[in-house]
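Peer 1: need a structure here:
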Amino acid sequence: MTWSEIALLALAVVAVGVWLAWVSASRLDRLHRKVAASRIALDAQLVRRASAAVDLASSGLLDPASSVLVADAAYGVVDDAGPVASPEQALAMDGFGAARERAESALSATLRSALGDAEVLAELRSGAPGEQLLATLVATWYRAQLARRFHNEAVAQAQRVRRHWWVRALHLAGHAPSPRTVELDDQMPEAMAGSGPAVRA
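Peer 2: So this is what the prediction gives:
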(Lines give C-alpha, C1' and ligand atoms only; values in the text may rest on other atoms or scores of the structure.)
Protein backbone atom coordinates (compact mmCIF):
# COMPACT_ATOMS: atom_id res chain seq x y z
CA MET A 1 0.00 0.00 0.00
CA THR A 2 1.45 3.34 -1.02
CA TRP A 3 1.62 6.44 1.15
CA SER A 4 -1.05 8.10 -0.97
CA GLU A 5 -3.39 5.15 -0.45
CA ILE A 6 -2.72 5.24 3.30
CA ALA A 7 -3.42 8.98 3.32
CA LEU A 8 -6.67 8.47 1.41
CA LEU A 9 -7.72 5.69 3.79
CA ALA A 10 -6.94 7.85 6.82
CA LEU A 11 -8.88 10.73 5.27
CA ALA A 12 -11.86 8.43 4.63
CA VAL A 13 -11.77 7.20 8.24
CA VAL A 14 -11.65 10.78 9.54
CA ALA A 15 -14.51 11.80 7.22
CA VAL A 16 -16.67 8.89 8.41
CA GLY A 17 -15.84 9.73 12.04
CA VAL A 18 -16.80 13.39 11.54
CA TRP A 19 -20.04 12.34 9.83
CA LEU A 20 -20.93 9.92 12.64
CA ALA A 21 -20.16 12.60 15.24
CA TRP A 22 -22.40 15.06 13.38
CA VAL A 23 -25.22 12.49 13.17
CA SER A 24 -24.91 11.73 16.90
CA ALA A 25 -24.83 15.43 17.81
CA SER A 26 -27.91 16.11 15.65
CA ARG A 27 -29.79 13.22 17.22
CA LEU A 28 -28.89 14.39 20.71
CA ASP A 29 -30.03 17.91 19.87
CA ARG A 30 -33.38 16.56 18.64
CA LEU A 31 -33.77 14.54 21.85
CA HIS A 32 -32.99 17.61 23.98
CA ARG A 33 -35.65 19.55 22.09
CA LYS A 34 -38.10 16.68 22.57
CA VAL A 35 -37.42 16.83 26.32
CA ALA A 36 -38.00 20.60 26.27
CA ALA A 37 -41.28 20.26 24.36
CA SER A 38 -42.55 17.46 26.61
CA ARG A 39 -41.67 19.46 29.72
CA ILE A 40 -43.71 22.42 28.46
CA ALA A 41 -46.62 20.08 27.67
CA LEU A 42 -46.41 18.46 31.10
CA ASP A 43 -46.36 21.83 32.83
CA ALA A 44 -49.44 22.95 30.88
CA GLN A 45 -51.37 19.78 31.78
CA LEU A 46 -50.48 20.07 35.47
CA VAL A 47 -51.58 23.72 35.52
CA ARG A 48 -54.88 22.67 33.89
CA ARG A 49 -55.32 20.02 36.59
CA ALA A 50 -54.76 22.64 39.29
CA SER A 51 -57.25 24.95 37.58
CA ALA A 52 -59.85 22.16 37.45
CA ALA A 53 -59.25 21.51 41.16
CA VAL A 54 -59.80 25.21 41.94
CA ASP A 55 -63.06 25.17 39.95
CA LEU A 56 -64.27 22.17 41.93
CA ALA A 57 -63.20 23.68 45.26
CA SER A 58 -64.99 26.95 44.53
CA SER A 59 -68.19 25.29 43.29
CA GLY A 60 -69.65 24.82 46.78
CA LEU A 61 -70.21 21.12 46.08
CA LEU A 62 -67.50 19.90 48.46
CA ASP A 63 -67.71 20.22 52.21
CA PRO A 64 -66.16 23.48 53.48
CA ALA A 65 -63.01 21.89 54.93
CA SER A 66 -62.28 19.94 51.73
CA SER A 67 -62.94 23.02 49.60
CA VAL A 68 -60.39 25.05 51.56
CA LEU A 69 -57.76 22.29 51.50
CA VAL A 70 -58.15 21.56 47.78
CA ALA A 71 -58.08 25.25 46.85
CA ASP A 72 -55.02 25.86 49.02
CA ALA A 73 -53.15 22.90 47.50
CA ALA A 74 -54.11 23.92 43.95
CA TYR A 75 -53.04 27.54 44.44
CA GLY A 76 -49.80 26.22 45.94
CA VAL A 77 -49.02 24.52 42.62
CA VAL A 78 -49.72 27.60 40.50
CA ASP A 79 -47.97 30.02 42.85
CA ASP A 80 -44.91 27.84 43.36
CA ALA A 81 -43.17 28.47 40.05
CA GLY A 82 -45.71 29.45 37.47
CA PRO A 83 -45.84 27.80 34.05
CA VAL A 84 -42.81 27.10 31.88
CA ALA A 85 -43.53 29.70 29.24
CA SER A 86 -40.58 29.49 26.85
CA PRO A 87 -38.32 26.91 25.22
CA GLU A 88 -35.36 28.62 26.88
CA GLN A 89 -36.75 27.80 30.32
CA ALA A 90 -37.55 24.24 29.30
CA LEU A 91 -34.12 23.69 27.76
CA ALA A 92 -32.65 23.92 31.26
CA MET A 93 -33.96 20.31 31.43
CA ASP A 94 -33.72 20.36 35.21
CA GLY A 95 -37.09 18.79 35.92
CA PHE A 96 -39.51 20.86 37.99
CA GLY A 97 -37.46 21.19 41.13
CA ALA A 98 -38.19 19.67 44.52
CA ALA A 99 -40.59 22.42 45.64
CA ARG A 100 -42.83 22.12 42.57
CA GLU A 101 -42.82 18.33 42.73
CA ARG A 102 -43.80 18.47 46.41
CA ALA A 103 -46.62 20.91 45.62
CA GLU A 104 -47.97 18.69 42.82
CA SER A 105 -47.75 15.62 45.06
CA ALA A 106 -49.53 17.49 47.86
CA LEU A 107 -52.35 18.41 45.46
CA SER A 108 -52.71 14.74 44.46
CA ALA A 109 -52.82 13.65 48.10
CA THR A 110 -55.35 16.36 49.00
CA LEU A 111 -57.59 15.44 46.07
CA ARG A 112 -57.41 11.76 47.01
CA SER A 113 -58.40 12.64 50.55
CA ALA A 114 -61.33 14.80 49.39
CA LEU A 115 -62.52 12.51 46.59
CA GLY A 116 -61.46 9.07 47.75
CA ASP A 117 -64.90 8.18 49.12
CA ALA A 118 -67.26 6.57 46.61
CA GLU A 119 -70.26 8.20 48.34
CA VAL A 120 -68.76 11.68 47.88
CA LEU A 121 -68.17 10.96 44.20
CA ALA A 122 -71.71 9.60 43.78
CA GLU A 123 -73.10 12.77 45.33
CA LEU A 124 -70.98 14.94 43.03
CA ARG A 125 -72.15 12.97 40.00
CA SER A 126 -75.82 13.29 41.02
CA GLY A 127 -76.06 16.80 39.53
CA ALA A 128 -74.95 18.23 36.19
CA PRO A 129 -72.51 20.82 37.61
CA GLY A 130 -70.73 18.29 39.81
CA GLU A 131 -70.60 15.66 37.10
CA GLN A 132 -69.08 18.15 34.66
CA LEU A 133 -66.52 19.48 37.15
CA LEU A 134 -65.51 15.95 38.11
CA ALA A 135 -65.24 14.86 34.46
CA THR A 136 -63.00 17.86 33.72
CA LEU A 137 -60.78 17.05 36.69
CA VAL A 138 -60.51 13.38 35.69
CA ALA A 139 -59.66 14.33 32.08
CA THR A 140 -56.99 16.87 33.04
CA TRP A 141 -55.51 14.52 35.64
CA TYR A 142 -55.32 11.68 33.10
CA ARG A 143 -53.66 13.95 30.51
CA ALA A 144 -51.15 15.08 33.15
CA GLN A 145 -50.31 11.44 33.92
CA LEU A 146 -49.77 10.74 30.21
CA ALA A 147 -47.68 13.89 29.75
CA ARG A 148 -45.41 12.94 32.66
CA ARG A 149 -44.94 9.45 31.27
CA PHE A 150 -44.06 10.81 27.81
CA HIS A 151 -41.69 13.39 29.32
CA ASN A 152 -39.87 10.82 31.43
CA GLU A 153 -39.55 8.52 28.41
CA ALA A 154 -38.01 11.39 26.42
CA VAL A 155 -35.60 12.08 29.27
CA ALA A 156 -34.62 8.39 29.42
CA GLN A 157 -33.91 8.38 25.66
CA ALA A 158 -31.68 11.43 25.96
CA GLN A 159 -29.87 10.00 28.97
CA ARG A 160 -29.19 6.73 27.11
CA VAL A 161 -27.63 8.57 24.16
CA ARG A 162 -25.56 10.80 26.46
CA ARG A 163 -24.09 7.69 28.15
CA HIS A 164 -22.41 6.47 24.93
CA TRP A 165 -18.64 6.71 25.26
CA TRP A 166 -18.18 8.63 22.00
CA VAL A 167 -20.78 11.20 23.03
CA ARG A 168 -18.89 11.79 26.28
CA ALA A 169 -15.43 11.64 24.66
CA LEU A 170 -16.33 14.17 21.97
CA HIS A 171 -18.45 16.34 24.33
CA LEU A 172 -21.33 16.17 21.85
CA ALA A 173 -23.81 17.31 24.50
CA GLY A 174 -21.95 20.62 24.72
CA HIS A 175 -22.91 22.63 27.79
CA ALA A 176 -26.48 21.26 27.94
CA PRO A 177 -27.22 19.86 31.41
CA SER A 178 -28.26 16.25 31.70
CA PRO A 179 -32.07 16.11 31.57
CA ARG A 180 -33.95 15.02 34.69
CA THR A 181 -37.19 13.13 35.02
CA VAL A 182 -40.15 14.62 36.85
CA GLU A 183 -40.92 12.50 39.90
CA LEU A 184 -44.16 13.24 41.68
CA ASP A 185 -47.27 11.56 43.06
CA ASP A 186 -49.98 11.84 40.39
CA GLN A 187 -52.06 8.79 41.24
CA MET A 188 -55.84 9.24 41.14
CA PRO A 189 -58.13 7.91 43.85
CA GLU A 190 -59.23 4.39 42.90
CA ALA A 191 -62.90 5.31 42.98
CA MET A 192 -62.28 8.30 40.74
CA ALA A 193 -60.00 6.46 38.32
CA GLY A 194 -62.94 4.19 37.55
CA SER A 195 -64.61 7.09 35.72
CA GLY A 196 -61.75 7.39 33.25
CA PRO A 197 -58.51 5.71 32.21
CA ALA A 198 -55.53 6.03 34.54
CA VAL A 199 -51.81 5.71 34.04
CA ARG A 200 -49.73 4.09 36.73
CA ALA A 201 -46.27 5.56 37.31
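Peer 1: Now the lengthiest helix in the chain: average pLDDT?
Peer 2: Ranked by residue count, the top helix of the chain under DSSP state H comes out as helix 3-57. Throughout helix 3-57, pLDDT has a mean value of 84.
Peer 1: Tell me which residues touch the residue nearest in space to the middle of the chain, please.
Peer 2: Nearest to the mean C-alpha position of the chain, counting by CA atoms, centre = their mean, stands R148 at 3.3 Å. With contact taken as CB atoms under 8 Å, 6 or more residues apart in numbering, R148 is in contact with L42, V182, L184, D186, A201. Using the backbone N, CA and C atoms, a C-beta is placed for each residue, glycine as well.
Peer 1: host element of it?
Peer 2: Using DSSP states H and E, R148 falls within helix 128-162.
Peer 1: Buried residues, that helix. List them.
Peer 2: Along helix 128-162, these residues count as buried under the neighbour rule (16 or more other CB atoms under 10 Å): 130, 133-134, 136-152, 154-155, 157-158, 161-162.
Peer 1: which helices and strands does the longest helix of the chain pack with?
Peer 2: With contacts defined as 3 or more CB pairs under 8 Å, 6 or more residues apart in numbering; DSSP states H and E, helix 3-57 has these neighbours: helix 64-81, helix 87-90, helix 98-115, helix 128-162, helix 165-169.
Peer 1: related to what we said a few turns ago, so the helix holding R148 versus helix 64-81, what angle?
Peer 2: Relative orientation of helix 128-162 with respect to helix 64-81: 30 degrees, computed using axes from the mean of the first three to the mean of the last three CA atoms, to 10 degrees.
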